[in-house]
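**Student:** Give me a model of this one.
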Amino acid sequence: MLVAAAVCPCPPLLVPEVAAGAAPEMDAARAACADALGVLAAARPDLLIVVGAAGPGEGGRFPEGSPGSFEGYGVDLDVRLGAGARNKEAGRELPSSLAVGAWLLERTGWADAPVEGLGAEETLTPERCAETGREAGERAGRVALLVLGDGSACRTVKAPGYLDERAAPYDDAAARALAAADLPALRALDAALARALKSSGRAPWQILAGAAEGADLDGSLLYEDAPYGVGYIVATWS
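**Tutor:** Modelled structure (predicted):
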């Protein structure tokens, strides 16, 4: 059963080495993510599943120790999923979101439970997300989720997706749902609108909603902002 969840954004700019001179601009988001991971540790899970947005062909499970890299962003920085040894038999590298998750876990010294990764492609339907979430929640007696995804990327004219007037209402709705652990509201997020607004969080958030069915968790919003025109949300459920 799901006992706790932390929702964090997943821009590579969270990693100071990637952000370089712009690193201080994400300090508040980093601090909120660290606080959110503290909630996961306090829940004493038997298993932590890191759920993150994934591109085409990047979905599915990743075992503990799976490698990740920020080389594609011009930084010689490698990470691995969880506290165990690097898994040379993992077969593939972590998608960007799970690499950010692995970095967050390393940064906070996670060693509280075994870790698995789950890549969620944006083509997953809400129904499939709910089913995947329910399956994740049954993986151990006490399951925690670290959920990685961003809101819209269309909040300003300089945003990756340019300005779209639907972006702010979409992000507001997602933030309210995550703050209140509102499962129906998360399930109601429109997949087509999320794609149009370049929001990578829709599928991971809906997987969380599926995992939380019957868990009766309370939500708390730790951070919400849109630097660079992209909606970033940090929340906890416990």
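
**Student:** Now tell me what touches the longest helix seen in the chain from outside.
**Tutor:** Scanning the chain for the helix with the most residues, using DSSP state H, yields helix 27-42. Applying C-beta atoms under 8 Å, 6 or more residues apart in numbering, the contact partners of helix 27-42 are 4-9, 14, 48, 104-105, 107-108, 110, 112, 144, 146, 222-223, 225, 227, 232, 234-236, 238. The C-beta positions use only the backbone N, C-alpha and C, and glycine is treated the same way.

**Student:** Of all residues in this structure, which one is nearest the centre?
**Tutor:** L148 (0.6 Å; C-alpha atoms, centre = their mean).

**Student:** so who does it touch?
**Tutor:** For L148, the contacting residues are 7-10, 50-53, 97-98, 100-101, 204, by C-beta under 8 Å, 6+ apart.

**Student:** residues contacting the closest residue to Y228 other than its chain neighbours?
**Tutor:** Leaving aside its chain neighbours, Y228 sits nearest to A159 (6.8 Å; criterion: C-beta to C-beta, 6 or more residues apart in numbering). Contacts here follow C-beta under 8 Å, 6+ apart; on that basis A159 touches 153, 167, 228-230.

**Student:** Quick check: of those residues, which lies closest to L217?
**Tutor:** V230 (26.4 Å; C-beta to C-beta).

**Student:** so which strand or helix has the nearest residue to the closest one once chain neighbours are set aside?
**Tutor:** Leaving aside its sequence neighbours, V230 sits nearest to A153 (C-beta to C-beta, 6+ apart; 4.7 Å). Using DSSP states H and E, A153 sits in no helix or strand.

**Student:** For the protein, which segments are assigned as helices?
**Tutor:** Using DSSP H, helices in the chain cover 16-19, 27-42, 96-107, 126-137, 167-180, 183-187, 191-196, 202-211.
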